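**Student:** okay, sequence plus prediction incoming.
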Amino acid sequence: MRVGAHVSAAGGVDGLIQRANSLGVEAAQFFLSSPRTWKFRPIAPSVAGKTKAVALAQGVQRLVVHASYLINLGSDDPVLAGKSSELLAAVMRAASADQLSAVVLHPGSHKGHGFDASLDRWFNGVEPGLGFASADTRLLLENTAGGGASMGRSVQELRALLDLCARPDAVGICIDTQHLFAAGYDLRDRGVASELAAQLLSEFGDIPVVHLNDSATELGSAHDRHANLGEGAIGLEALIDFIGHEVFRFADIILEVPGSGDGPRVEDVSLLREALKQRE
């Protein structure tokens, strides 16, 4: 298990590694290009395969890319679906060239057409990007909070999406604790949490990436609203208990907490490390 955080990539590779080092984390998640535009502009020119080596030399063991929030592979709008597919493929191509650990993707929304009815459309959108996925650079589908017509809100939906990919070596799951809680999984109940962890292990094997966030909304709210650890409705103890299950033993634990408004802080990382240490 490695402790990590989502960091800004302003200033390119050197900037994001410097921020990761200042937080004292072994894993860093970042946007490879601006999440606010469809045009793919990598954070900085880089020589393929060198980014990982630079990170390792400076103590950052894992680099995880978060794909743009604009991507919606479930859309029935052919223009939006096409742009989404092209952007995902561009991100996957760049991440693979730089030997980055994974690309995390929100599966998207079926826009009211129904999950099952949107599966063929979703597969057509993800397929070009899958061509660049591998055991070294995996595509990870993130569970969603369940709002609107989002896809991937349950273990069953995530399983159905992975089954379409038929690339067990190149695809996997990223679990967000706040999204689980918002989707109705009560992580405060140890029985529920243990059963869910066992189900995840049975369905997906080891989970490679966890977004560890408390919740600014109540159970089943279907709202994606993160809170600092111990300051939300889930609570620090329940979160630490949950990630202590076997399914997360090799995971990168990525903090996506708001901090003081600019993302994870040193004190957030320290709180997580101390809580993990006390659980040993």
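**Tutor:** Happy to help now that I have it.
**Student:** could you check how far residue 272 is from residue 212?
**Tutor:** For residue 272, the distance to residue 212 equals 7 Å [C-beta to C-beta, to the nearest Å]. All C-beta spots, glycine's among them, are computed from the backbone N, C-alpha and C.
**Student:** ok, now residue 248?
**Tutor:** For residue 248, the distance to residue 212 - C-beta to C-beta - is 10 Å.
**Student:** compare the two (neighbour count), which wins?
**Tutor:** The neighbour comparison of residue 248 against residue 212 (other C-beta atoms under 10 Å) goes to residue 212, with 27 against 22.
**Student:** dump the residue contacts of the closest residue to the more buried one other than its chain neighbours.
**Tutor:** Distances taken as C-beta to C-beta, 6 or more residues apart in numbering put residue 253 closest to residue 212, at 5.1 Å, once the chain neighbours are dropped. By C-beta atoms under 8 Å, 6 or more residues apart in numbering, the contact set of residue 253 is 1, 2, 3, 4, 27, 210, 212, 243, 272.
**Student:** what about the strands in the chain?
**Tutor:** Along the chain, counting by DSSP state E, strands occupy 2-6, 27-30, 62-66, 102-105, 138-142, 171-176, 209-212, 214-215, 226-227, 252-255.
**Student:** output those strands in TSV; the columns should cover distance to residue 165 and mean pLDDT.
**Tutor:** Formatted as TSV, the strands of the chain follow (distance: least, C-beta to C-beta, whole Å; pLDDT from 0 to 100):
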stretch	distance to residue 165	mean pLDDT
strand 2-6	25	98
strand 27-30	21	96
strand 62-66	18	95
strand 102-105	11	98
strand 138-142	8	98
strand 171-176	5	98
strand 209-212	17	99
strand 214-215	29	99
strand 226-227	27	99
strand 252-255	21	99
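**Student:** what angle do the helix or strand of the chain with the lowest mean pLDDT and strand 62-66 make?
**Tutor:** None of the helices or strands of the chain scores lower by mean pLDDT, DSSP states H and E than helix 50-57, at a mean of 78. For helix 50-57 against strand 62-66, the angle by axes from the mean of the first three to the mean of the last three C-alpha atoms, to 10 degrees is 130 degrees.
**Student:** in terms of secondary structure, what does helix 50-57 contact?
**Tutor:** Other helices and strands packing on helix 50-57, by 3 or more C-beta pairs under 8 Å, 6 or more residues apart in numbering; DSSP states H and E, are helix 12-23, strand 62-66.
**Student:** list the buried residues of that helix.
**Tutor:** 51, 52, 54, 55 (16 or more other C-beta atoms under 10 Å).
**Student:** closest one to residue 87 out of the residues you listed, please.
**Tutor:** residue 51 (19.6 Å; C-beta to C-beta).
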